[in-house]
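J.: Here is the input, now give the coordinates:
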Amino acid sequence: AAFRCIFLPVMAVRKRRNTKKRSPSATSHQPESSNNRDTENMIVSNGGSRFPFSMARLFLMVLVIISFAGALLNQSIQKKRVSSKVVTSTEEATADVIEPKVIRTSKDYELLQILPHDKTAFTQGLTFDNGKLLEGTGMYGKSDIRHIDTETGKVLASYTLPGNYFGEGIAMFTNDEGEKQIIQLTWREFKGFIYSAEAPFPLVKEFDFETHSMEGWGITYWEERKEFIVSDGSHYLFFWDRDTLKEKRRILVTVDYTAHERKKVNRVNELEFHNGSILANVWYQDVLIRIDPDTGDVIKVYDFSDLYTDRIPEADCFNGVSATECENEFYVTGKYWPHMYRVKLL
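T.: All right, here's what the predicted structure looks like:
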């Protein structure tokens, strides 16, 4: 564009001057196209016109080179900007994934968070699904299912059982129709309940059950096998068909006592199925045990005796465990405890 604006008028003036030097008769005997070619040739061959044209060509070449270099420079700058944006986005994305701060590292776990918990709740079970933490509580006249806000401990929604039922463990599962539901056991009433997982947790059905001790304690769900795993405070775990709610088999829970002897583990309580094995509280012991669901062998014991040492007088035993959305992280608490804890098992 700069070449056209600067040099074309000069060339036009040279054309006019050279044209005036020709005689009218010489011009009239040639076709127009021939006249134009002669004029262009005169610009090239005429001594007075050659120098400006050479300068024009040189200037044009300089402009082309500058433009080309500018384009390359601009492309390089854009790549750097894009690269910078990518790095920035990566940094921002990394910043969004907040690694939890480890408050304390114990022998078997890392303490990640101390959260508020209703100290009037007689915790019987926890279950977590799709960002929602549910808690089942016990005691006659006070048993309920509640959706709790883990950050504040506030009860967001709840359903209270009739006063003649003592609530026990709960578990969330999905039926064949894709509906999320909650199953809940009772202690000595031989009765279980299934609710919709959506507040206010309307009752879907009731069912009867029996166990070795004739009590219901903890329950969890094994999705791959469509089985509920149930404890009754004894040394057995029971496997129920999800749809019939009938026992399919049972296993004896044992632990190595000596190199050549295994002993039964009594009072197995709250349960959580996790990564192919069963995590369980043991009544009035500050431990979680990991159980092989096929053999009943205790394959690991997690010691939580240092989790909550300055207990308030009304605090009862360690009970309640549920996986979170993060790998190998769990919510744990106890009956009448003022805190819930987020921990990572080691």
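
J.: Report the buried residues of stretch 147-163.
T.: His147, Ile148, Thr150, Gly153, Ser158, Tyr159, Leu161 (16 or more other C-beta atoms under 10 Å). Every residue, glycine included, has its C-beta placed from N, CA and C.

J.: Between all of these, which two are separated the most?
T.: Spatially, the most separated pair among the buried residues of stretch 147-163 is Thr150 and Leu161, at 23.0 Å (C-beta to C-beta).

J.: All the helices of the protein, in order from the start?
T.: Assigned by DSSP state H, the chain shows helices spanning 2-21, 24-28, 32-45, 47-96.

J.: coming back round to it: what is the nearest of the buried residues of stretch 147-163 to Asp303?
T.: When these are compared against Asp303 (criterion: C-beta to C-beta), the nearest one is Thr150, at 24.1 Å.

J.: For that closest one, give me phi and psi.
T.: Backbone torsions of Thr150, given as degrees, to the nearest 10, read phi -70, psi -30.

J.: That one reaches His339, doesn't it?
T.: No: the criterion here is C-beta atoms under 8 Å, and Thr150 misses it with His339 at 11.5 Å.

J.: intersection of neighbour lists for those two?
T.: Counting by C-beta atoms under 8 Å, 6 or more residues apart in numbering, the residues touching both Thr150 and His339 are Leu115.

J.: circling back: mind checking which of the buried residues of stretch 147-163 land in strands?
T.: Among the buried residues of stretch 147-163, DSSP state E puts His147, Ile148, Ser158, Tyr159 in strands.

J.: Report the separation between the two terminal residues of stretch 250-270.
T.: End-to-end span of stretch 250-270 (C-alpha to C-alpha, to the nearest Å): 17 Å.

J.: tell me the average confidence for it?
T.: Regarding stretch 250-270, the rounded mean pLDDT is 94.

J.: The closest residue to Lys107 other than its chain neighbours bridge partners, please.
T.: Excluding the flanking residues, the one nearest Lys107 by C-beta to C-beta, 6 or more residues apart in numbering is Asp303, at 6.0 Å. Under DSSP bridges, the beta-bridge partners of Asp303 are Val287.

J.: How many residues are close by Asp303?
T.: Asp303 is flanked by 14 other residues according to other C-beta atoms under 10 Å.

J.: does it really touch Gln285, like I thought?
T.: No: the pair Asp303 / Gln285 is not scored as a contact, 9.7 Å apart, by C-beta under 8 Å.

J.: circling back to that earlier point, closest to Asn319 among the buried residues of stretch 147-163?
T.: Ile148 (15.5 Å).

J.: these two touch, right, the closest one and Glu135?
T.: Yes: using C-beta under 8 Å, Ile148 makes contact with Glu135 at a distance of 5.6 Å.

J.: And the residue nearest to Gly233 when sequence neighbours are not counted, how far from Gly167?
T.: Leaving aside its chain neighbours, Gly233 sits nearest to Trp217 (4.9 Å; criterion: C-beta to C-beta, 6+ apart). Trp217 is 11 Å from Gly167, where distance means C-beta to C-beta, to the nearest Å.

J.: swap in Ser305?
T.: Counting by C-beta to C-beta - Ser305 and Gly167 are separated by 27 Å.

J.: ok, those two, which is more surrounded?
T.: Between Ser305 and Gly167, Gly167 has the larger neighbour count (other C-beta under 10 Å), namely 26 against 13.

J.: do you know how far that one is from Gln184?
T.: Relative to Gln184, Gly167 is positioned 6 Å away (C-beta to C-beta).

J.: and what of Val321?
T.: As judged by C-beta to C-beta, Val321 and Gln184 stand 16 Å apart.

J.: That concludes my questions; thank you for your assistance.
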